[in-house]
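>>> this one's sequence-less:
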């Protein structure tokens, strides 16, 4: 990956990297992934119905949420942030379409930030160590139980050598597409609840007040609400430039506004996702930990619920996938408020570059 010296030079003590690390260190014990200790700060809990694992805070039993930091890596390293996301396309004979029921997530491979200071280098390595502690503990358990399970970890290696220390952290986004609640109710034959309205005084003293209030409610106020972006906002999926073709067979599903935020902590609309989250972007992510168990397979997964850009990348946007979104594949050619999200929102960044 080419490096822009103007962006990456002079990352010394007191720069953005170390400021971010200090703020991670200032979070409550165990909230930062690199600072957390498995079985001390959080524990594993097995679902009696599915056999899957969730991870809970040891002190109060709430779902464990953590904060991690890293640099977005290019697609060859495992990043799959596109209209197709992590969806398995199938084969030419048995294609897997994407419809209203299909779960599609984006995937980010995070690596050691470029030219990291010692503090950032240690922090990223500690994040991998925390995740590896869970894997190693489970491997010892499986060995005692004499079970042979194929494991897909939440970390990855840069090369073919799978025995060394992992170098990447793999994070899934929330689902890209969903059927809006109002549409679900309409499809199911349900109607919206009737809401009560305030009675306006039409007496001599109150005359004209109702008209004035109605003007506000039906005018600029509504327009403001319509244009305000929230995590409950839905879009036509075609706002993504690579959405289209026979592969996509959505009827009621729309593209969700994920909790993806810029340096100023403002939501980034989908039409700007690809330019805002390109390779080389430094991000902080609020995530939960999960493990899914099948008979002879276990998949560990980090689910990112909030993605905060800490520093934009000056690298070029990677070309969109050449994989056609039709059935000619295989031929010749991965929101809730919480104290963790609050902590992320309080990270002070301004508009400084990394070369301070």
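Received, thanks. Model, not experiment: these values are computed from the prediction. Residues are numbered from 1 along each chain as shown.
>>> From here on, just use CA atoms for contacts and neighbour counts.
OK.
>>> residues of whatever helix or strand residue 133 lives in that come out buried?
Secondary structure from DSSP states H and E places residue 133 in helix 118-144. Within helix 118-144, the residues that qualify as buried by neighbour count (16 or more other Cα atoms under 10 Å) are 120-121, 123-132, 134-135, 139.
>>> Kindly report the same for stretch 19-34.
19, 20, 21, 24, 25, 30, 31, 32, 33, 34.
>>> May I ask which two of those residues are separated the most?
Spatial extent of the buried residues of stretch 19-34 (Cα to Cα) is set by the pair 19 and 30 at 18.7 Å.
>>> can you give me the helices in the stretch 201-350 of the chain?
209-218, 220-227, 273-276, 339-345 (DSSP state H, counting those that start in this stretch).
>>> rank those helices by pLDDT, which is bottom?
Ranked by mean pLDDT, the helices of the stretch 201-350 of the chain end with helix 209-218 at the bottom, a mean of 40.
>>> Could I get the contacting residues of the closest residue in space to residue 39 that isn't next to it in sequence?
Spatial nearest neighbour of residue 39, excluding adjacent residues (Cα to Cα, 6 or more residues apart in numbering): residue 58 at 7.4 Å. Residue 58 is in contact with 39, 40, 41, 42, 43, counting by Cα atoms under 8 Å, 6 or more residues apart in numbering.
>>> Would you mind measuring from residue 32 to residue 164?
Residue 32 sits 24 Å away from residue 164, going by Cα to Cα, to the nearest Å.
>>> need the contact list for residue 282.
Residue 282 neighbours (Cα under 8 Å, 6+ apart): 69, 70, 71, 72, 113, 309, 310, 311, 312, 313.
>>> Which one of these is nearest to residue 194?
Looking across the contacts of residue 282 and measuring by Cα to Cα, the closest to residue 194 is residue 309, at 40.5 Å.
>>> Tell me if I'm right that that closest one and residue 281 touch.
Yes. Judged on Cα atoms under 8 Å, residue 309 makes contact with residue 281 at a distance of 7.1 Å.
>>> Looking at these two now, which is surrounded by more residues?
A count of neighbours by other Cα atoms under 10 Å puts residue 309 above the other of residue 309 and residue 281, at 25 against 22.
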